[in-house]
Every structure is written in structure tokens, then in C-alpha cells.
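*Asks:* Have a look; sequence and predicted model below, questions after that.
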Amino acid sequence: ERENYNMLRIGRTLKSKYAAGASAAAATGAAIGAIYLASSDGDVETARVECEAPGSYSIPRMSRIPSRASQISVLSSGERVFDVLVIGGGATGAGAALDAATRGLDTALIERGDFGNETSSRSTKLIWAGIRYIATATSSLLRLKNVTRPVEAVKDFASEFRMVGNCHKERRLLLENNPHLTNWVPIAVPVDSWISWPPPFDHPLFSIAPMVLPLVFKFYDGMSGFTCPPSHVMGKSRADRKFPQLATEDANYYSVFYEGSHNDARTATYIALTAAEHGACVTNYTEMVDVLYDDATGKAAGVRVKDNLTGKAFDVRAKSIVFAGGPFTDHLRKIEDPSCKPAVAAAAGTHIVLPGYYCARGVGMLDINTSDGRFLFFLPWQGKTLVGTTDRKGPVVSSHGPPEEEIQWLLNECKKYLAHAGHGGDGLKIRRTDVLSAWQGFRPLASDPNAPPGAPVSRDHVISQNPETGITFVTGGKWTTYREMAEDVIDRVVESHGLSDKAGPCVTESVRLRGGEGYTRNLPIQLVQRFGVTTEVAEHLARTYGTHAGDVLEARKDNRGGRLLLEGYPYLEEEVSYACKREMATSLTDMLTLRTRLAYLDSDAAATIAPKVADLMGRALGWSKKQKKEELRRASEVIGSFGGPVPKTRREESFQTIEDVFRSFDVNESGYIGYDELKLCMKHFGAPFQSEEDALAAFNSIDKKGDGKIDFDEFMLWWGRLRRRETSTLSDIYRISSDKLGSGSDSRGAAFG
């Protein structure tokens, strides 16, 4: 495999060096690498090389990604000094590695966890061009304070508009190049009055927004050259047919515009794997623990790396180093220089996931004037409804767990629309138990600590280089502009580290991510016809793996239909083995959170299926019983940090009276306990029912009136049976009822007498 890489590098280097004046030599060198790879018996099966015209070239691309073990072998061998070493495998870091590799630079990427496991997997799932930034820029320009600083105000306004223009360009590129990973989603903005007061963005001019919103969205379309689906106005009757769950009779009209959408974790993973396809040495679960310096110059010459799966440490040498840690960038910089000035502040945002019926037929909604001035999205995503986000400043942490008060805030904002939705305004009742999952993510707010005094503050991403060590960091920005950020930081590195002779031009504007070459919209139909999978499964496979979707099923001898991992979701058992063997998946936690999105979609479902997935991964990766047990423990801990149908505070409350216990079961605060609440609470308090029949029998035994709900008096009677047991206080009774429930038929008697 190392020889495979060397031959691939020869082809890349020759093409890069001679592309301008000797395309024949470039093609010859590339072909040598391709022929060698095509005849290899190793992990790398084939490489596709095309010389399009004299003076142009395309970089060799592997059709099969080397295993993680082989990548670690290359990384730790000490035989190579990489041109570029990127620390951080989120969207920006992986994008930087892809950019460098496709320029012909010898590139390595390390990530301490799985690809995209932090900020890049916890977004609002939008590839958006920044409609909010147009409004904030206009609002800022028209402030009275700018009377004394007109030139600076206009410059700030122009800078903001340039940023939005770049967002439009990058959105178009991402959606056009990667139709297998992205899609357009219509988003409706309800307009229920002709004057909005208090005005959005706290500026009186925006009080007339309801009257001009369609024109604003047409201008927004024009900023992307009208390459997006056209914005339009929707009347009340049509809105009631299209999305009755959200449409209200109070609305005058709905202004509909379009943004891009994607499975963010999947896109991030495929950026990293595409870099590996182009010859970059890409590894997950490898962490930088120290910086190595050149004794003569004092500049950084590499890093000390720890393999987090084996504990082995080794040195990696590189001519240039890029920190791309998102909101964790300062953590990396403190390893370089413990006394460094902070460059990144973090802002946390919480999202909740509701059942899909709250956002049916693929139409989302945007509230541009929430109770505290934020934008709030209701979006269809992976068959569910995604609602977010909040905005809270604070120190960055890795935990997924969101504050309960932010979950409640999001639910309260949802109620404004759902309570009056539908014909007649009878509405829908949103309940706390409807929250299938909830999580928080942190976005980086960046500044340049190495900028000279008086330098303007960036409103977008920041790229800065430490003049003492030569290490460059990039942070800030948005998901939409990851490619632009990667291009900018590699441009900076190429110029500052004398790599111009070796590096070709940036070509990522035309690079499709893994699975995109040859992709057509008919792929799902072809999967149904060839493998007999359901339409839903075929759509999922095509939108997750692109042209590699068939590879997932071909691993089985009997591949007709595939085997569902969990009823109600399109994930297949075959995907687990494929991810382990072909896409560097190593952790049960990652399989449940990133490689599939189960924990993000339904935290209870992820916890339920964890043992089955652990068995599948154990067979694929050769886990011992001890290792599988440890993987289950870690996964349970991470999944347990997600929000779910029952607030986490319920588990931590001190129950002094029976009223306290009743309220802990009354999650929806309706004054009674429903069937779903009883099931959820018994599960979350450590005493799950073993079957639907057990749960129904228990509920009916408590529901003496037979009206489908348990009131306080009925709860008292049930609790009284527990009280007669040998316990002295209600808190003891509660503890015993939880501890003794366990599992099996005997447990039912402990709870229900």
C-alpha cells in the first residue's frame, strides 16, 4: 500500500509540475501511477486519470479508500515529510486537506474523534446563503450612530454584502456538484400583519417588512444569479393544503424562498474521504499532543500524534501546519503557545427534533421575529421535523446535552403556530413528549490575535499565522463557505511556506465529493430494480452513498432487499459492516450519532438498537466481549447526554411528596398521565416495560375510570399499593419502585402489585 501511495504521488507531482508546459510528461507520469494502482492487490483498487487538454489535468482518484490501519502505517512511518498537515477533521479541516491534495501537495489530516463529530454535525442542516445577514447589514447601516462615521458604515455594509455574495456562490457550487448529498428545501415565512411591531432586528424601517418581503426574496434569488428555485407567494388556501400543520388562518400570505439542505455529518465525512481518494493521508481518532520544532529556525516542523484507539504515539513531520479546530481552535493554539491570546469565542445553539408530521410534504417554515429576535426554523430533515436554533454565549464543550430551558423555549415558540394551525384554527397540541431528540452545538466567533493594531475586524472567517512558529489557523465562517475557507487557508500556506513551485491551482470548485461522479436522479430506481429494496431504503442509500450505494448491498451473497436495522428507519445492517470496512468507522458511538443519525433523530431509538449495532460492529472489527461492553458503555453515556421525551431534570429531582412524583410523570403538564408518558417515564427512571402488552396492562390497571388517562386520584390509589410495602418515606417507596422493577414478568408485580 505504501508503494501504491508513492506511485500515486509520482503521478500527481509530475502533473502538477509540468501541467503548464509539458502535458504529455504529466499524462505519462499520471498514467504510470494509474497502471500500478490498477494492478495492485492492496486496498487501492483503481485510480482514474484524465488529461482533458494540453496544459490541464485532473488529479488521480482512488476508487477505494485505504483502510485506517494502512493510513496509520503511512502516517507513523516517519518516511515522509508532508507538505501540509491539517489538524481537525470537521468541514473546514477536511476541506483544507482536499484542497491541498487536489493541488498536488503531499497532505495529511488528523482528527481526534470521528470526522465532523463536533460543530460540523450539529448545525441546522442548511446550506444557506445568509438572508439574515442582508437584514442585519441594512439595519446596521441605517443606525443613527453612523451619521458620524459614514465611510466606515458603508464599508461595513459592502463587506457584509460581499460575504453574502460569496455564500450564494458557495451554496450553488455545493448543491450543483453534490446532488447526492444535498437538496433544495422550500421555506415559508408567514405574514400575519401588514405592519410588524415590535419590528424585526429592532429597527423601525423593518416594520414594513411584511409588505416588501416578496421583493426582498426576489433580490435574494438574484444574488445567486437565479440558479435556485424561484421564490414565490403562497395564499392561505394553498398553504393549508401544502402544510396544514403550520398554516394558520391569521396569515395574510406566505412568502416562500429556497435554501439548500443536507445531512451535515455525512457531507463532512465525505469531504474527508474524498481527500483520501485524492491521495491525502486521512485518519480519525488521531490527536495532536505536542508541537515539534526545528532547532535551527525555531519554526514548527511537525507534531506529536497519539492514536486514540491504541494509545501509541509517534511523530509526524510537515513543512506547514494548519489548525482547523472550529470553536476548539484555541485548545490547539495553547498546545503551540500556552500564553496565546484567545482568538475564538463560542456561541451555543440548541435544536430539537419532533415527529415528521409537524412538517409534512417537504416544506419548512421560518419565523423571522421570535420573542427574543432570533430566526427560528422548522425544517423537514431525515423524515423528522428539526426546530432551531437558540443562541447562547459560553465556553465550548463537547457534550451534546442542551439546557432544558432552551428546549422549553423552542417548544413555546412552536406553539405560536401549531396552536392555531389548520382549517378552522383548531390547531395541534405540541407536547414535551414529542421531543424525540435534542442537542447543542457550538459555532466559532473569530478574531485575529496576530492582526496589527487598528486592523478591521472580520465579519466572516479568520485566517492567521503565528510569525514565531509559522503555524496557520483558520476559524469562523459557516458550513456553506467551508470550501472557500479551505481555499483561502491553503493559498496562505502555499505562499508563506514556499510551496508555489509544487502546488497547482485550486480546483475544488469542480471537484465532486465521493459518490458524486456519475450520479443521476434515477439511481434510487436502479437500486430498487437491482436489489429489491424498498423505495425509502433506496432513496436513503442513494442520498447517503451516491454511486457507492450498490457497494453497500453487494457485500452480501443474498443481497435482495437488505436487512433493516430498526423498524421505521431506512438504515440497513449492511451499512454497519460497510462503514467499518470501507469508511474508517471504528466506534459504536459514531455509528449511532454520525454514520447513521439515529441519536440525532430519536435518542431512545438509538439506545434501543445499540446492542444490535455493537454485535454487528464487533463481527466486522473483531471486538472482544470486553471491548464490546466498553463500546456500549461509552455509547450509552453519549446518547444519554442527548435530550429526549423526558426532561433530564426529572431524574435528578428530589421527590418530597406524592404530588412531586405525579408531576414527574406528567411530562406534558396536562394535569394527567397519558399512556406514552407512563411508558417513557418508567423507561427513563430505569424500569422499562418489556413489551407493549405489559405497558398496556399496567396502564389499564391504574386507569380505573377507563378514560384513557391517569388522574391524580388514580395515581394515588396505585401509589398507595406501593406505600403498603415495608418502606418509611415516599422517597424510599419511589426508589424501591425504580430499583425493583428490573425486567421480566416478576418486575411488573413490584410496580403494580
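*Replies:* Sure, I can see it. Residues are numbered from 1 along each chain as shown.

*Asks:* what mean pLDDT does stretch 269-286 have?
*Replies:* In this model, stretch 269-286 has a mean pLDDT of 97.

*Asks:* my guess is Ile525 contacts Val533, does it?
*Replies:* No: between Ile525 and Val533 there is no contact under Cβ atoms under 8 Å: 11.0 Å. The way it works is simple: take the backbone N, C-alpha and C, and place the C-beta from them, glycine included.

*Asks:* Compare neighbour counts for these two and give me the winner.
*Replies:* More crowded of Ile525 and Val533, by other Cβ atoms under 10 Å: Val533, with 25 against 14.

*Asks:* between Ile525 and Val533, what contacts are shared?
*Replies:* Here Ile525 and Val533 have no joint contacts, going by Cβ atoms under 8 Å, 6 or more residues apart in numbering.

*Asks:* any chance you could map the helices in the stretch 201-350 of the chain?
*Replies:* Along the stretch 201-350 of the chain, counting by DSSP state H, counting those that start in this stretch, helices occupy 209-223, 236-242, 264-277, 329-336.

*Asks:* same question but for the stretch 551-700 of the chain, I mixed them up
*Replies:* Here the stretch 551-700 of the chain has its helices, by DSSP H, counting those that start in this stretch, at 573-582, 588-590, 598-601, 603-621, 625-641, 649-652, 658-665, 675-684, 692-702.

*Asks:* strands paired with the helix or strand where Leu85 lies, and their directions?
*Replies:* For Leu85, the enclosing helix or strand under DSSP states H and E is strand 81-87. Counting by DSSP bridges, the strands paired with strand 81-87 are strand 107-110 (parallel), strand 313-323 (parallel).

*Asks:* Pull out the buried residues from it.
*Replies:* Phe82, Asp83, Val84, Leu85, Val86, Ile87 (16 or more other Cβ atoms under 10 Å).

*Asks:* quick one: contacts of it?
*Replies:* Outside strand 81-87, the residues that reach it (Cβ under 8 Å, 6+ apart) are 93-94, 96-97, 100, 105-110, 281, 288, 302-303, 316-325, 332, 490, 493, 499, 502-503.

*Asks:* Got a quick PyMOL command for the buried subset of those?
*Replies:* Only the buried entries of these go into this PyMOL selection, using 16+ other Cβ under 10 Å:
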select buried, resi 93+94+96+97+100+105+106+107+108+109+110+281+288+302+303+316+317+318+319+320+321+322+323+324+325+332+490+493+499+502+503
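
*Asks:* dump the residue contacts of Lys242.
*Replies:* Per Cβ under 8 Å, 6+ apart, neighbours of Lys242: Met234, Arg361, Val363.

*Asks:* My read is that the last one contacts Arg241, right?
*Replies:* No: the pair formed by Val363 and Arg241 falls short of the contact definition of Cβ under 8 Å, at 10.7 Å.

*Asks:* So if I had to pick from these two, which one is more boxed in?
*Replies:* Each of Val363 and Arg241 has its neighbours counted (other Cβ under 10 Å); Val363 has more, 22 against 12.

*Asks:* Give the closest residue to that one in space, chain neighbours not counted.
*Replies:* Phe243 (4.6 Å; Cβ to Cβ, 6 or more residues apart in numbering).

*Asks:* go on, Leu142?
*Replies:* In space, Leu142 is closest to Leu205, 6.0 Å off (Cβ to Cβ, 6+ apart).

*Asks:* Distance check, Leu678 against Glu630.
*Replies:* Using Cβ to Cβ, to the nearest Å, we find Leu678 at a distance of 33 Å from Glu630.

*Asks:* sorry, that was for Met716
*Replies:* Taken as Cβ to Cβ, the span from Met716 to Glu630 is 44 Å.

*Asks:* Likewise for Val189?
*Replies:* 48 Å.

*Asks:* If you count surrounding residues, which of those two has more?
*Replies:* Val189 (24 against 13).

*Asks:* Remind me which helix or strand the more buried one belongs to.
*Replies:* Val189 belongs to strand 182-191, assigned by DSSP H and E.

*Asks:* Parallel or antiparallel, list what pairs with that strand.
*Replies:* When DSSP bridges is applied, strand 182-191 pairs with strand 253-262 (antiparallel), strand 364-367 (parallel).

*Asks:* Columns distance to Glu573 on top of those strands, output as TSV?
*Replies:* Output for the strands paired with strand 182-191, formatted as TSV (distance: least, Cβ to Cβ, whole Å):
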stretch	distance to Glu573
strand 253-262	25
strand 364-367	32
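
*Asks:* Could you list the low-pLDDT ranges of the stretch 301-450 of the chain?
*Replies:* 419-427 (pLDDT under 70).

*Asks:* measure the nearest residue to Arg112 once chain neighbours are set aside to Leu592 for me?
*Replies:* Distances taken as Cβ to Cβ, 6+ apart put Glu287 closest to Arg112, at 3.8 Å, once the chain neighbours are dropped. Distance of Glu287 to Leu592, given as Cβ to Cβ: 22 Å.

*Asks:* just Ile187 next, same as before
*Replies:* Shown here: Ile187 relative to Leu592, a distance of 29 Å by Cβ to Cβ.

*Asks:* circling back: so the strand holding Leu85 versus helix 264-277, what angle?
*Replies:* If you take axes from the mean of the first three to the mean of the last three Cα atoms, to 10 degrees, strand 81-87 sits at 180 degrees to helix 264-277.

*Asks:* Kindly calculate the angle that strand 81-87 makes with helix 329-336.
*Replies:* Using the same axes, to 10 degrees: strand 81-87 against helix 329-336 is 130 degrees.

*Asks:* my read: Arg132 touches Arg374, true?
*Replies:* No: the criterion here is Cβ under 8 Å, and Arg132 misses it with Arg374 at 9.4 Å.
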